Every structure is written in structure tokens, then in C-alpha cells.
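Participant: starting from these lines, generate the structure:
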Amino acid sequence: MRNDVIERTANDTMLTIADYLLQMIEQARKQRDLELRSLIDQDSKNMQRDYPHLSAEERAEGEYELYYALLRERHSDVFEVQGNLQGTFPVDGNSRFQIHHDKNEFYGVYNYDGKKPHRITDNFLTKEDLISNLFGSTKFEIFRNRTFFHCDDGKVYSLHDNKHFRLHMIKDFKFQLPCENIEHARLSVVKDELRNDGNLRLQALKKTLDEYGIPSDLVGETVTLSSVSSEKNGVRVLLEHKHKERQIMVPEMKEQWLERVRDYPKLKAAFDEFIMDSRSIGEGFLAFYGIELNKGIQTKQHGFEVMVNQEGSYIGKLHGSGKVKKVSPYFSSEKEAEVQLGKLENHIQLAKEQERQKENLNREPVLEVNETVEKN
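Facilitator: Numbers count the residues shown, from 1 in each chain. Below is the predicted model:
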């Protein structure tokens, strides 16, 4: 589970999620009369009750942590992964579903960085039977470390958004959270990448503050909050920045901030954190941020990249609409496609260099003449 998820708490008096999970695991180990499925169901409900603030993804991670610990305790045989690797389907940068072939049979394995790989399916006679049985489809696409499956309902489903497939041996798996089509699925990956672009966030935040007449030069700064007072038109905030007093008006502010400033005059705070706790500003930011992300998707220049589907691996180029232009035949393996991509990129780079050299040769020299006037 990610560190930021582990360390979250509902409030200062509650156990961290990590401590909570450790307690659940210890309690589950003592309940040997309950089968694994019943234990996971019971503890998952308890987690949702005790930590209602957790997102669905965070609950899924907590559920898997518990499941993994109990597997190690009760079913060590599922960690005996043998045979040849026959296929890898990335979930994200840290985990993947893999197919192994051993003694003329195929089975599925979940591999999470930092943990021992373990089986999650029974044995099947063919790889296609295994994939179809688990995911309901053999048609897929691997795009930028994410795997998408095309299902009979016409929707596209991401393994990243359906990590509960990891518990397939104790729970029936069914896809959830679909994308309308593969184009939307690809764009969702690009949008996630753009979310790591700090410039887009900064642009959206500045536009939001401009909308409310709040100076944006304080973004990224630490300020000292001197006082807050509720007025008819909003909340007046008196703050200090670089030894200068300033006033701003915000639409509203959460009661916890009002209490903290009243109880602790001269409270130091990150301006961004403080200002984003205003509901109106937060909503405005999300609206502007969505616009910036969409702009980023349309204007971002994408290079050539390797695409993988049930037919094989090829080189493609992504467009702002989410469509991919196939610019090569299918190759024998993803590794071969990567090699050919490297050759293509080298060829393009060489062609650009030759074009620059040609332009330099054709460019006429420009002479700068300094005229001097001499007086006899």
C-alpha cells in the first residue's frame, strides 16, 4: 500500500491505516475456524465502517494487504510459481498480471513489486481460455503500462480500476468503472500523466484566484494568518507575508480553519492549502483544472510508441482524439517492436540533423558593414 495511504487518519486520535491493518491481520489469524472468504468479507465491512473517509481504491489496497498476509499464513502453496512466463498484462507501474505455462497447463499470477508473486487462477489448457474465464474477453490493448479489455457490452475496462481481480480465488470477479471506448481509455491515461505536470495545476489555481479577486503571487508561499472574520460578503483574512500585512476576501472558509486561527494567532500555513479549503475556490479550481487538462491533451505532442494487443506488437502514434495511427506491421514480440522503435527514432533524428546542415549550407552569409565617415 502506498505510504500516503498508510499514513492517512480520520482524525488525530484514530489509528493509522497501517496499524489498523496489523490489528485486523492479528485478529484474523486467531479466527482459524473462519474460511478466508468470510474473513475478508467481514474485515472489509469493518474497514468501511471504521474508515468511511477512505476511497474505493484505498479500501481495495487495504483489503489486498489483509488477503496477502492471510495467504502467506494459510495458503503458502499459491506462492509456488513455476513454469515459463507466457504473457504480462501491466496493471500500473508497480504491479502486473502474468500468465505462466507449466506441465502443459496455463495459470494466472499476480505480481506486485516488493511482494512475492502468487497464483490467482486455476489451471487451463490454453492461454485464451484462462484470459476469457477471468476477464470475460480475449481482446485487449496495453497502452503506457495500463491494460484495457474490450468486453461484449462494447465498453473498455482497465485492470488499474478493477484491482479486485486479485482476489479472484475467493471472490467472483466482474468488471466495473468502464470507459466508453478505447479512445477515452487512452486519453484517461494521458490525463493521469498530465496531472503530474505542476505547471497545469499552477495555471488552473491562478485562474481560479483571479476569478475571485485573490492575489496569486502568494501561491506556493507560507503565510502567517493573523485573524479571520466572517462578513456579509465572505470571510476577511488578515495575513502576513515577508513582514508585510495583507488582507484578502474568500467566499467562505471551513470552520476548522476559523477555529485554528482564533485559537492560535500568528498561525503559519501554506497559502495553497489554506485557500483550497474554501469549497467555492476548490470547485472553481477543479473546473479550471479540467479545462487545462483538456487543453493539454489536445496540444500535447506525442511521439511514436509501442502498442500491444491480442494481434501482437506494433509502432503507433497517438493523436489528441485518442485515436492511434498504426505506422508499422505487427512484430514477433514486444521486445522486437522496441528495437524497431529505437531504429525509427534514430532515423528521424538523423534526418533532422541532415536537414539542419542543409539549411546552414544554403543560407547566404550576412555581412555587417560598419560605415565610418571621415572628415577631411
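
Participant: so what's G316 up against?
Facilitator: 304-307, 324-328 (Cβ atoms under 8 Å, 6 or more residues apart in numbering). Placement of C-beta: from N, CA and C, glycine included.

Participant: centre of the chain to the helix or strand where it lies, how far?
Facilitator: Taking DSSP states H and E as the criterion, the element that holds G316 is strand 312-318. Its chain's C-alpha centre and that of strand 312-318 lie 22 Å apart, by Cα atoms, centre = their mean, to the nearest Å.

Participant: so which elements touch the helix or strand following that strand?
Facilitator: Toward the C-terminal end, the helix or strand that comes next after strand 312-318 (DSSP H and E) is strand 324-326. Other helices and strands packing on strand 324-326, by 3 or more Cβ pairs under 8 Å, 6 or more residues apart in numbering; DSSP states H and E, are strand 312-318.

Participant: what comes up buried for the strand it packs on?
Facilitator: 313-316, 318 (16 or more other Cβ atoms under 10 Å).

Participant: residues in contact with the longest strand seen in the chain?
Facilitator: What stands out as the longest strand in the chain, according to DSSP state E, is strand 222-231. Outside of strand 222-231, the residues that reach it under the criterion Cβ under 8 Å, 6+ apart are 235-241, 245, 249, 253, 257-258, 261-262, 265-271, 274.

Participant: can you flag the buried ones in the residues you listed?
Facilitator: When neighbours are counted using 16+ other Cβ under 10 Å, the contacts of strand 222-231 contain these buried positions: 235, 237, 239, 253, 257, 261, 267, 269, 271, 274.

Participant: who touches the nearest residue to the fifth one once chain neighbours are set aside in this structure?
Facilitator: Nearest in space to W257, with sequence neighbours left out and distances taken as Cβ to Cβ, 6 or more residues apart in numbering, is D277 at 5.9 Å. With contact set as Cβ under 8 Å, 6+ apart, D277 has these partners: 253-254, 257.

Participant: mind giving me the domain split of this protein?
Facilitator: Each domain of the chain is listed here as a residue range: 3-74, 77-192, 198-297, 304-358, per automatic domain parsing.

Participant: now the ones you listed in a markdown table, with mean pLDDT?
Facilitator: Formatted as a markdown table, the entries for the domains of the chain read as follows, by pLDDT from 0 to 100:
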| stretch | mean pLDDT |
| --- | --- |
| domain 3-74 | 70 |
| domain 77-192 | 94 |
| domain 198-297 | 86 |
| domain 304-358 | 92 |
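
Participant: all strands for this structure, in order.
Facilitator: 84-90, 95-102, 105-112, 118-119, 140-143, 146-150, 156-158, 222-231, 234-241, 244-250, 267-270, 304-309, 312-318, 324-326.

Participant: could you check the angle strand 84-90 makes with the third one?
Facilitator: For strand 105-112 against strand 84-90, the angle between stretch directions is 50 degrees (axes from the mean of the first three to the mean of the last three Cα atoms, to 10 degrees).

Participant: now do the nearest residue to E211 once chain neighbours are set aside against M276, distance only.
Facilitator: The shortest distance from E211 to any non-neighbouring residue, by Cβ to Cβ, 6+ apart, is to G284 (5.8 Å). When distance is defined by Cβ to Cβ, to the nearest Å, G284 is 10 Å away from M276.

Participant: those two: which is more packed in?
Facilitator: More neighbours sit around G284 than around the other of G284 and M276, counting by other Cβ atoms under 10 Å; the figures are 19 against 14.

Participant: the more buried one contacts I214, correct?
Facilitator: No: judged on Cβ atoms under 8 Å, G284 makes no contact with I214 at a distance of 10.6 Å.

Participant: redo the strands of the chain as a markdown table? Include distance to R356.
Facilitator: Shown next, in a markdown table, are the strands of the chain (distance: least, Cβ to Cβ, whole Å):
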| stretch | distance to R356 |
| --- | --- |
| strand 84-90 | 38 |
| strand 95-102 | 41 |
| strand 105-112 | 45 |
| strand 118-119 | 54 |
| strand 140-143 | 33 |
| strand 146-150 | 37 |
| strand 156-158 | 42 |
| strand 222-231 | 46 |
| strand 234-241 | 48 |
| strand 244-250 | 50 |
| strand 267-270 | 46 |
| strand 304-309 | 20 |
| strand 312-318 | 23 |
| strand 324-326 | 26 |
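
Participant: now the longest helix along the chain: buried residues?
Facilitator: Using DSSP state H to assign secondary structure, the helix with the most residues in the chain is helix 334-362. Neighbour-count burial for helix 334-362, counted by 16+ other Cβ under 10 Å, picks out 334, 337, 340-341.

Participant: re the thing from before, and which of the contacts of D277 is nearest A60?
Facilitator: Of all the contacts of D277, K254 has the smallest distance to A60: 28.6 Å, by Cβ to Cβ.
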